[in-house]
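[1] the amino acid sequence is not available; the structure is as follows:
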């Protein structure tokens with residue numbers, strides 16, 4: 001083998017090493033993203049399981065649909081705090097889902113039904129909150145509820161037998 005051939009072989013190995021390095025880096029980045037999503041889902045699940053949040057959801061689910069601020073305060077002194085806790089949690093969840101930090105499917109599987117029920121209960125209260133204090137309050141909670149409803153409709157449509 002002459003020097004020219006050795007140089008070509010060395011360049012090929014160099015290019016191969018760079019290509020393999022890039023492929024490994026891409027795979028590692030994908031793995032890190034997957035781990036980040038799994039960790040976010042794990043943290044979401046733990047946040048959902050706190051006694052305070054569980055109590056708040058439990059109390060709210062027994063309210064009438066479309067409860068007003070006045071009715072909420074009249075139900076129990078702490079009820080508005082429960083409503084705010086649930087609202088804030090699902091507002092944050094909506095943002096995390098939209099930014100793909102937490103998988104929509106994980107959220108839908110874990111709490112999709114709870115999101116729909118608590119939205120029905122708190123919708124009027126949230127609209128009153130928007131008018132009185134913050135015009136964008138609950139928008140991500142509402143968006144998440146709508147996405148879950150759309151997914152449910154799509155699932156029902158796809159599960160119907162052909163006619």
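    Cool, got the structure. Model, not experiment: these values are computed from the prediction. Numbers count the residues shown, from 1 in each chain.

[2] could you say what helices and strands the biggest helix by length in the chain packs with?
    Ordering each helix of the chain by length in residues (DSSP state H) puts helix 3-48 first. If contacts are counted by 3 or more C-beta pairs under 8 Å, 6 or more residues apart in numbering; DSSP states H and E, helix 3-48 sits against helix 79-98, helix 104-132. Glycine gets a C-beta too; all of them are placed from N, C-alpha and C.

[3] which of those helices is buried the deepest?
    Among the helices and strands packed on helix 3-48, ranked by average contacts under mean count of other C-beta atoms under 10 Å, first place goes to helix 79-98 (a mean of 19).

[4] what bits of this protein have low per-residue confidence?
    Along the chain, segments meeting pLDDT under 70 span 159-163.

[5] quick one: closest of the helices and strands packed on helix 3-48 to residue 45.
    Closest approach to residue 45 among those is made by helix 104-132 (6.6 Å; C-beta to C-beta).

[6] which ones are touching the residue nearest the centre of the chain?
    Centroid check for the chain by C-alpha atoms, centre = their mean gives residue 97 as the closest residue, at 3.2 Å. When contacts are counted by C-beta atoms under 8 Å, 6 or more residues apart in numbering, residue 97 touches 103-104, 107, 144, 147.
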